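Engineer: prediction below, plus the sequence it came from.
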Amino acid sequence: MEQLKTIGLKVYYIVLKQHRVKLPKDLRDFGDQYVKEEFRQAHQKANKEQYIEFLERWQSQFQMKGLSIQKNWRIRKKLEEILM
């Protein structure tokens, strides 16, 4: 589970970085707060299966929006190893 949480934190930082690049200031503040709360709840309350599902949803969000988790191939590879 600790390995999953490490991956989760890396994904969290990728999301915040994308917010800095893609969103205007007022939307970024709102988005950052929303993502912070969502990750905090998952990090604290989710069991292993729920946390894996949470990370899978974020991975699909990256793909749908054309954002690249591909650049962060180590994170993607670790997540795929855990999911297999």
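Structural biologist: That came through, no problem. For clarity, every value in this text was computed on a predicted model and none was experimentally measured.
Engineer: could you use CA atoms for every contact and neighbour count after this?
Structural biologist: Noted.
Engineer: for the residue sitting nearest the centre point of the chain, give its distance to residue 58.
Structural biologist: With distances taken as C-alpha atoms, centre = their mean, residue 11 lies nearest the centre of the chain, 3.4 Å away. Noted for residue 11: a distance of 8 Å to residue 58, by C-alpha to C-alpha, to the nearest Å.
Engineer: give me the element residue 7 is part of.
Structural biologist: Assigned by DSSP states H and E, residue 7 falls within helix 2-22.
Engineer: packing partners for that helix?
Structural biologist: helix 25-45, helix 48-64, helix 73-83 (3 or more C-alpha pairs under 8 Å, 6 or more residues apart in numbering; DSSP states H and E).
Engineer: nearest to residue 3, out of the ones you listed?
Structural biologist: With C-alpha to C-alpha as the criterion, residue 3 lies closest to helix 73-83 of the helices and strands packed on helix 2-22, at 8.6 Å.
Engineer: how much space between the residue nearest to the centre of the chain and residue 18?
Structural biologist: Residue 11 sits at a distance of 11 Å from residue 18 (criterion: C-alpha to C-alpha).
Engineer: for the residue located most distally from the centre of the chain, give its distance to residue 16.
Structural biologist: Going by C-alpha atoms, centre = their mean, the residue of the chain most distant from its centre is residue 26, 21.1 Å out. Residue 26 sits 14 Å away from residue 16, taking C-alpha to C-alpha as the criterion.
Engineer: same check, this time on residue 35
Structural biologist: Between residue 35 and residue 16 the distance is 8 Å, computed by C-alpha to C-alpha.
Engineer: quick one: low-confidence parts of this structure?
Structural biologist: Applying pLDDT under 70 to the chain picks out residues 66-84.
Engineer: can you rerun that using 90?
Structural biologist: Low-confidence segments of the chain, defined by pLDDT under 90: 1-11, 13-15, 17-19, 21-23, 25-26, 43, 48-49, 51-53, 55-84.
Engineer: got a list of what residue 22 touches?
Structural biologist: Not one residue lies near residue 22 by C-alpha atoms under 8 Å, 6 or more residues apart in numbering.
Engineer: gap between it and residue 49?
Structural biologist: As judged by C-alpha to C-alpha, residue 22 and residue 49 stand 31 Å apart.
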